[in-house]
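# A structural model of the following input is requested.
(2 chains)
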Number of protein chains: 2
Amino acid sequence: NAAATLEHCEQWMERLGWLANLDHAADGTTGIERPGWSFSDSEVYKLIEAMSWEFGRSGDPAIDAAIRRLTARVGRAQDSDGYLNTYYGHPQRPPRYSDLETGHELYCAGHLLQAAVARLRTAGPDELVEIARRAADHVCDMFGPDGLQGIGGHPEIELGLVEFGRAVDESRYVEQARLFLDRRGHGRLGEIPFGPAYFQDDVPIRDAATWRGHAVRALYLSAAAVDVATEYDDVDLLAAVQRQWTASVARRTYITGGMGSRHQDESFGEDWELPADRAYCETCAGVASIMVSWRLYLATGDVRYADLIERTSFNIVATSPRSDGRAFFYANPLHQRVAGNAPDEDTVSPRAASSTRAPWFDVSCCPTNVARTLASWHTYAASVGERELTLLQYGSARVETTLGDGRAIGVTVDTTYPRGGTVTVSLDDPPAGALALRLRVPSWADGAVLDEGGRRRAVEPGLAVVDREFTPGEEIRLHLPMSPRFTWPDPRIDAVRGCVAVERGPLVYCLESIDLPDGVELDGIAVDPASQPVLRDHDRVEVQGRVLASGSGDANGDAPWPYQALAGSPDGASAIPLLLHPYHQWAERGPTAMRVWLPTPQPTTPR
Amino acid sequence: NAAATLEHCEQWMERLGWLANLDHAADGTTGIERPGWSFSDSEVYKLIEAMSWEFGRSGDPAIDAAIRRLTARVGRAQDSDGYLNTYYGHPQRPPRYSDLETGHELYCAGHLLQAAVARLRTAGPDELVEIARRAADHVCDMFGPDGLQGIGGHPEIELGLVEFGRAVDESRYVEQARLFLDRRGHGRLGEIPFGPAYFQDDVPIRDAATWRGHAVRALYLSAAAVDVATEYDDVDLLAAVQRQWTASVARRTYITGGMGSRHQDESFGEDWELPADRAYCETCAGVASIMVSWRLYLATGDVRYADLIERTSFNIVATSPRSDGRAFFYANPLHQRVAGNAPDEDTVSPRAASSTRAPWFDVSCCPTNVARTLASWHTYAASVGERELTLLQYGSARVETTLGDGRAIGVTVDTTYPRGGTVTVSLDDPPAGALALRLRVPSWADGAVLDEGGRRRAVEPGLAVVDREFTPGEEIRLHLPMSPRFTWPDPRIDAVRGCVAVERGPLVYCLESIDLPDGVELDGIAVDPASQPVLRDHDRVEVQGRVLASGSGDANGDAPWPYQALAGSPDGASAIPLLLHPYHQWAERGPTAMRVWLPTPQPTTPR
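Residues are numbered from 1 along each chain as shown, chains lettered A, B, ... in the order given. Below you'll find the model as predicted:
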């Protein structure tokens, strides 16, 4: 799958000339016209990052060769002073750093550094790392304490610098990341129509109460801030990001884990502004949310961050790619009113235009972001402490690692999760002496039980801990309750008042119009909240519904004016069973109307 | 009031250089830089149109002088072949008709023609009419059957041509309007990111089922189509617009009469996509909706069109201007989540940025559109037929007109409507013989009664007709029920499910946070739907509410995750009376959170 996506991304970037931009910069053949946006270089770097993680996982020499091939083209495009960007600073191109607000030069550099970190961690130092070092030095030279006092309109350089600085043990890069963070929030960037909150230049990150503005920007910035806080043991900065996470998760996050309510500026909306139909929930914001939560987990050990990672992984990151890995959702709405049309498989799509997954986008940040996340997803599955092994995400896997105290440990995890709720951990190679084996119990898992040491015990959401010596080959089993369930929204979320969602384990479900009988329209359906959702075959869930209105298909029954003195839904004469699929599978069977939040019948006029 | 606004608009356009653009075009001193968007000329024309209607109403010689002054500057900017636009076709400016998709040249010409019609009807032929004639001839020469086969990206030239053609009795202009209409809907305009529906080039107007795309564009186009249908007795074209009106009013219109659900492309959304908080409801779309409904009323005699005119006038057009006439709402949302800040009185605002009315906008179509609508509002109040006088909108006024059969009639209307519900019509100068006096009974007016001829009778929504001879001085009284009432949305309008609105007569009401006691937040309020709204002094309405949640002000009580296994609203311990104001007065007392749709308590978990 990752293989299909990686090849797919490289082919599209070659076809559109985004890779050739590197050659033009190298050969001095740039011109007034140039394919791709100013940030198209970053897609190349995200692809190299994805390939690097994939190579680390599989060791496939073909992927290694692809990385070397791309690295060579990137290296040729670098200027002698370390500057590396194909949009600016070349013949007939705008000058370097002439548009910090929207130019994305520092953003591209940040992605180059992240790619180099992935390469370093999976293959060791090579030419890409040297390119990144020269680029990082250039940025520090230009934007250091005595240099330009600017920041980049789209945060990312901060993340690249702190990660790369840590990876190559160069404090100058980490310091530059801190400098960029501290410069932000003072209105240093020029005016744009969306205002300074769009790029988080309205309030310093240390003072902000919540995430706001462009979602990906806000989240990349926060991810970098956690890393910087960790490097400097900066408890105030860490607390600020924790506070923003808490406030935003409580009031500005969709049930899917999706973030970003507005199309217009791809931004978080206000508190409780969570429309289902116009939910933007950019795939990249899901990726970025996982990046922030992972860093917060590592900094604090609080598993609620891993809960959100799980939710976002299964319902946003897994939703974006089509099952064949060659088409993607850019936006992830929770309600599709009209089935629409599938995009042309051979055409570049506007970012949020089509009702099914598209092969490539005009702004195509999501495919490569999905690719790098899926290729590195295993890195979020477990963590080790001094004498603890913590399993955070569940899938069949072999985990071999070393505890903080130096003891080696090997365990095998066997599970069909999230299809099934049983997770079996075989301690094939436990170390001598006691250790704490910790298993995350998701926040929704009321009624989970743990089989260990010959007995069964109830475990609460949080961490199930077994702290003792283990016998080689011993098995521990966590049973998570996987019955489908109804979930209700906070009464302050206006957009889904009077609605209920269906969840099963970490999966959010949805109702698609292609599963409705002929003549029944999605917007005329209500669900009976007193019924019980039931699991059917192929992971589908059945709930009992009612047909309340004729639906959009037939306007003849419409009132001429939709606001009347009579309240509520008409009594549904016809009961109807409704079959729901996991949300991440939606539109896999072609264009369809869809909704996650299902209306419940409203009371009729009380007078 | 209109006087304040007219002066205000002229001052801003002078200050920003939009008027000086005319002088530069005349003097050949245009340059690469030019203040204002490509459509800023249209604001000058809309101002002249507003001044013309105002002069017709008041006869104020100062306004006449202002019109002449502006007309002279416009005339000097016209090229010898009739072309008139300050953005294109001058030294260092882009060539004429080089961007039909977004260039707005034909749009500006259309507004010039509408201004000339207003001048012609209120002052007779003058220099402005001659300018308009030369401009219309130029458009017909350029875009006639054998000319450029293009259309304008923003409909308006069609409306200008058919109105002006009718006013000066020149069929060539009407024919050109029909040509533009028939050319549209075949994908003739170039690709834009929002797709061809944005400017209604996706489907021919004769075939379209509903309004879609950019709301103002869709409505200007339909207004022109009704005029063209009337000129050619084209029943199919008229039926098409009627069908689109019916479908859009049933499924794509806010309770305020507002149209346009999306900020991003200022468009109608899908059916039932009517978010309260992100409602765009552009003031100009309200103006345009009135233009369409008025033409449909004249073409069909159906008073439901006058119903929508009333609703839109009181709740959109009256909402936009501040009471002093010097600041305006561009967008008219039905829910303001945060109070926000008032805009600087001396600065140009982005179109939908501030939470109170702004003095002027970057794209400033709304102030002049409000001005021309308020200045001509009396023209929507009454109509005459062969032997009928129909009163459509109610306000104290003297109506003197001539019936179709040539008889003169004079009546005096006395009312405090919509404060009070009694409309007294005095037949001071009835003609000899019988006539039909018809009074519109609004669709909401269940229980209206009519006093006439010494007796009282119930009248149904629609038309109350008195068809007989009248005695000079005789009075007829219509009593409309003005008690406040609850109104419920169609269950398919997801955004306001479980909510109720308060209306009184044609007025929609709203709750503002500045009227809540300290510590009570707007988003923690619900209303008791079993209670009865009661009229209080100063047109305010009291309803009984409950405090359900702590509100946004205090996040400490928030669940860490807002989606839970427990349903519904907590029982409200504290009952609270809520005082509502008419929506059109909202934010007159400063920045405030606000909502039209009030949540009702939701049932708790049924299990």
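
# Enumerate the residues of the stretch 201-350 of chain A near chain B.
A:246-247, A:249-251, A:253, A:255, A:262-264, A:269-273, A:275-278, A:304, A:335, A:337-338, A:350 (CB under 8 Å from any CB of the partner chain). C-betas here are computed from N, CA, C, even on glycine.

# Give me the below-cutoff pLDDT ranges for the stretch 101-250 of chain A.
Along the stretch 101-250 of chain A, the model assigns pLDDT under 70 to no residue.

# residues in contact with the residue of it found nearest chain B?
Nearest residue of the stretch 101-250 of chain A to chain B: A:Ala250, at 4.4 Å (CB to the nearest CB). Counting by CB atoms under 8 Å, 6 or more residues apart in numbering or on different chains, A:Ala250 makes contact with B:Ala555, B:Asp558, B:Ala559, B:Pro560, B:Trp561, B:Pro562.

# and with 6 Å instead?
B:Asp558, B:Pro562 (CB atoms under 6 Å, 6 or more residues apart in numbering or on different chains).

# which stretch of helix or strand covers it?
Element membership for A:Ala250, per DSSP states H and E: helix A:235-251.

# Export that helix to CSV, keeping only CA atoms.
Extracted in CSV, the C-alpha atoms of helix A:235-251 (Å, rounded to 0.1, in the frame of the first residue of the first chain):
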residue,chain,number,x,y,z
VAL,A,235,7.6,23.9,31.6
ASP,A,236,5.7,27.1,30.8
LEU,A,237,5.9,26.5,27.1
LEU,A,238,4.8,22.8,27.5
ALA,A,239,1.9,23.9,29.8
ALA,A,240,0.8,26.4,27.2
VAL,A,241,0.6,23.7,24.4
GLN,A,242,-1.2,21.3,26.8
ARG,A,243,-3.7,24.0,27.7
GLN,A,244,-4.4,24.7,24.0
TRP,A,245,-4.7,21.0,23.3
THR,A,246,-7.2,20.6,26.1
ALA,A,247,-9.3,23.6,25.1
SER,A,248,-9.3,22.7,21.4
VAL,A,249,-10.1,19.0,21.9
ALA,A,250,-13.0,20.0,24.2
ARG,A,251,-14.5,22.5,21.9
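
# sorry, back to before: narrow the residues of the stretch 201-350 of chain A next to chain B to those in strands?
A:His335 (DSSP state E).

# Buried subset of the residues of the stretch 201-350 of chain A next to chain B as a PyMOL selection?
Selection command for PyMOL covering only the buried members of these, criterion 16 or more other CB atoms under 10 Å in any protein chain shown:
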select buried, chain A and resi 247+249+250+251+253+255+262+263+269+270+271+272+273+275+276+277+278+304+335+337+338+350
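
# Which of the residues of the stretch 201-350 of chain A next to chain B fall within helices?
Among these, the ones falling in helices (DSSP state H) are A:Thr246, A:Ala247, A:Val249, A:Ala250, A:Arg251, A:Arg304.

# For the first one, which non-adjacent residue is spatially closest?
In this structure, A:Thr246 finds its nearest non-sequential neighbour in B:Pro560, 6.9 Å apart by CB to CB, 6 or more residues apart in numbering or on different chains.

# Check what pLDDT that neighbour gets.
For B:Pro560, the pLDDT comes out at 89.

# do A:Gly551 as well
52.

# Over to A:Val496?
The predicted structure scores A:Val496 at 96 on the pLDDT scale.

# Excluding chain neighbours, what is closest to it?
Closest residue to A:Val496 apart from its sequence neighbours, by CB to CB, 6+ apart: A:Trp597 at 4.3 Å.

# Name all residues that make contact with that neighbour.
A:Trp597 sits in contact with A:Ala276, A:Val496, A:Cys499, A:Ala501, where contact means CB under 6 Å, 6+ apart.

# Buried ones only from those residues, please, as a PyMOL command.
Buried members of the contacts of A:Trp597, defined by 16+ other CB under 10 Å, are picked up in PyMOL with:
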select buried, chain A and resi 276+496+499+501
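
# Might you report the residue contacts of A:Tyr394?
Applying CB under 6 Å, 6+ apart, one finds that A:Tyr394 lies in contact with A:Thr415, A:Tyr417, A:Val423.

# if we go to 7 Å?
When contacts are counted by CB atoms under 7 Å, 6 or more residues apart in numbering or on different chains, A:Tyr394 is found next to A:Val413, A:Thr415, A:Tyr417, A:Val423.

# wait, A:Val338 sits on A:Ala593?
Yes - here A:Val338 lies in contact with A:Ala593, judged by CB atoms under 7 Å, at a distance of 6.1 Å.

# can you give me the helices in chain A?
Using DSSP H, helices in chain A cover A:2-15, A:20-27, A:40-58, A:61-77, A:105-123, A:127-143, A:157-168, A:171-183, A:215-232, A:235-251, A:283-300, A:304-312, A:365-375.

# Between helix A:61-77 and the fifth one, find me the angle.
Computed with axes from the mean of the first three to the mean of the last three CA atoms, to 10 degrees, the direction of helix A:105-123 lies at 140 degrees from that of helix A:61-77.

# With the shortest one instead?
Relative orientation of helix A:20-27 with respect to helix A:61-77: 40 degrees, computed using the same axes, to 10 degrees.

# Tell me which other helices or strands helix A:20-27 touches.
helix A:61-77 (3 or more CB pairs under 7 Å, 6 or more residues apart in numbering or on different chains; DSSP states H and E).

# Just the buried residues of the helix it packs on, please?
Of all the residues in helix A:61-77, those buried under the rule 16+ other CB under 10 Å are A:Ile63, A:Asp64, A:Ala66, A:Ile67, A:Leu70, A:Thr71, A:Arg73, A:Val74, A:Gly75, A:Ala77.

# Return the distance of the fourth one relative to B:Tyr330.
As defined by CB to CB, to the nearest Å, A:Ile67 lies at a distance of 51 Å from B:Tyr330.

# Over to A:Asp307?
Taking CB to CB, one finds A:Asp307 at 42 Å from B:Tyr330.

# got it, and A:Asp64?
Separation of A:Asp64 from B:Tyr330 (CB to CB) stands at 56 Å.

# ok, and which of the buried residues of helix A:61-77 reach chain B?
Among the buried residues of helix A:61-77, no residue is within reach of chain B (CB under 7 Å from any CB of the partner chain).

# now those residues in a markdown table, with distance to B:Leu112 and pLDDT?
Shown next, in a markdown table, are the buried residues of helix A:61-77 (distance: CB to CB, whole Å; pLDDT from 0 to 100):
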| residue | distance to B:Leu112 | pLDDT |
| --- | --- | --- |
| A:Ile63 | 64 | 96 |
| A:Asp64 | 67 | 96 |
| A:Ala66 | 61 | 96 |
| A:Ile67 | 62 | 97 |
| A:Leu70 | 57 | 97 |
| A:Thr71 | 61 | 98 |
| A:Arg73 | 56 | 98 |
| A:Val74 | 56 | 98 |
| A:Gly75 | 60 | 97 |
| A:Ala77 | 53 | 98 |
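
# Thank you kindly, that will do.
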